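# Here is my input, please return the structure:
(chains A and B)
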2 protein chains.
Amino acid sequence: MELAFEKQGGLLPAILQDESSKEVLMLGYVNPQALAETWKLGEVHFFSRSRNRLWKKGETSGHVLRLKQMLVDCDADALLLLVEPVGPGVCHEGYRSCFFRELNADGAERVIAERVFSAEQVYRRSEGQ
Amino acid sequence: MELAFEKQGGLLPAILQDESSKEVLMLGYVNPQALAETWKLGEVHFFSRSRNRLWKKGETSGHVLRLKQMLVDCDADALLLLVEPVGPGVCHEGYRSCFFRELNADGAERVIAERVFSAEQVYRRSEGQ
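Residues are numbered from 1 along each chain as shown, chains lettered A, B, ... in the order given. This is a model prediction of the structure:
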């Protein structure tokens, strides 16, 4: 099938969900090259919009994400990647999921998760995730 | 907190997850007005990119999504909405989730879910979702 990369300047949003716990871990973006590497190596690759390059999730931290299943939505413009995380968490702030804050109607935020690793220790040698 | 609407031309991606089953239902986009309506009415509103207007999910089908919790990611550029779906499914093709197809490495697709309602009956009077 044809994926609708052109809708968003060559990138598709990819939701990462823990296959086992069903927790949503993060939202990333893929281009065709990132998808090809993900299929080839069985570990999730993104296209980093901030660094403007291919980015293997966990390349610095070792917290890679093993691809278990890839789903595509009805419009072929979003992906859902079911993964097995290697390591305690995916968020560069030290949480299991990047969605660690609750947002309220008045715009206030509240942290609802526990830190599971020290981001300083894991990332002290570089800026990578 | 400030949400990073400017990163994507005024829209933020919002992942919809069934609060109870943890199934990921769809990915939509919100602007500040859609968020305000969602908070005000307790039912999910999007900004439709194809119709270029505010869009209450379920406005045609009656399959609205009741907001239970809103989470925001570390970069404040993606939302995760935990919802209670009213009705059998969210997909305009008649499935519970828009992610009803599996994608394989060779680009082949395979439907992995059962249709739960007749899209023709629900949408026969309009093009809305």
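# what pairs with A:Leu71 across the strands?
The partner list for A:Leu71 in beta bridges (DSSP bridges) reads A:Leu80, B:Glu102.
# do you know how far it is from A:Ala14?
The span separating A:Leu71 from A:Ala14 equals 10 Å under the rule Cβ to Cβ, to the nearest Å. In this view, the C-beta of every residue, glycine as well, is placed from N, C-alpha and C.
# neighbours around A:Cys91, how many?
Per other Cβ atoms under 10 Å in any protein chain shown, the neighbour tally for A:Cys91 reads 23.
# helix or strand for it, which one?
Using DSSP states H and E, A:Cys91 sits within no helix or strand.
# what's near enough to touch the residue nearest to it when sequence neighbours are not counted?
Spatial nearest neighbour of A:Cys91, excluding adjacent residues (Cβ to Cβ, 6 or more residues apart in numbering or on different chains): A:Cys98 at 4.5 Å. By Cβ atoms under 8 Å, 6 or more residues apart in numbering or on different chains, the residues touching A:Cys98 are A:Leu25, A:Met26, A:Leu27, A:Val90, A:Cys91, B:Asp73, B:Cys74, B:Asp75, B:Ala78.
# Distance from the chain centre to the helix or strand bottoming out on mean pLDDT in chain A, please.
Within chain A, no helix or strand scores below helix A:119-123, which has a mean of 81 by mean pLDDT, DSSP states H and E. Relative to its parent chain, helix A:119-123 has a centroid offset of 18 Å by Cα atoms, centre = their mean, to the nearest Å.
# just the helices in chain A please.
Counting by DSSP state H, chain A forms helices over residues A:32-41, A:119-123, given from the N-terminal end onward.
# Next up, phi/psi of the residue in chain A positioned nearest to chain B, please.
Closest approach between chain A and chain B, counting by Cβ to the nearest Cβ: A:Lys22, at 3.5 Å. Note on A:Lys22: its backbone torsions stand at phi 70, psi 10 [degrees, to the nearest 10].
# Near chain B, which residues of chain A are found?
A:1, A:13, A:15, A:17, A:22-24, A:26-27, A:39, A:69-75, A:78-80, A:91-93, A:95, A:98-105, A:107-109, A:112 (Cβ under 8 Å from any Cβ of the partner chain).
# Buried subset of those residues as a PyMOL selection?
Paste this into PyMOL to select the buried members of those, with burial taken from 16 or more other Cβ atoms under 10 Å in any protein chain shown:
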select buried, chain A and resi 13+15+17+23+24+26+27+39+70+71+72+73+74+75+78+79+80+91+92+93+95+98+99+100+101+102+103
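# Let me know which of the helices of chain A is tucked in deepest.
Mean neighbour count, computed with mean count of other Cβ atoms under 10 Å in any protein chain shown, is highest for helix A:32-41 among those, reaching a mean of 17.
# which residue sits closest to the residue of chain A closest to chain B, ignoring its sequence neighbours?
For A:Lys22, the spatially nearest residue (Cβ to Cβ, 6+ apart) is B:Lys22, at 3.5 Å.
# Name all residues that make contact with A:Ala14.
Going by Cβ under 8 Å, 6+ apart, A:Ala14 touches A:Leu27, A:Gly28, A:Tyr29, A:Val30, A:Val44, A:Phe46, A:Ala78, A:Leu79, A:Leu80, A:Leu81.
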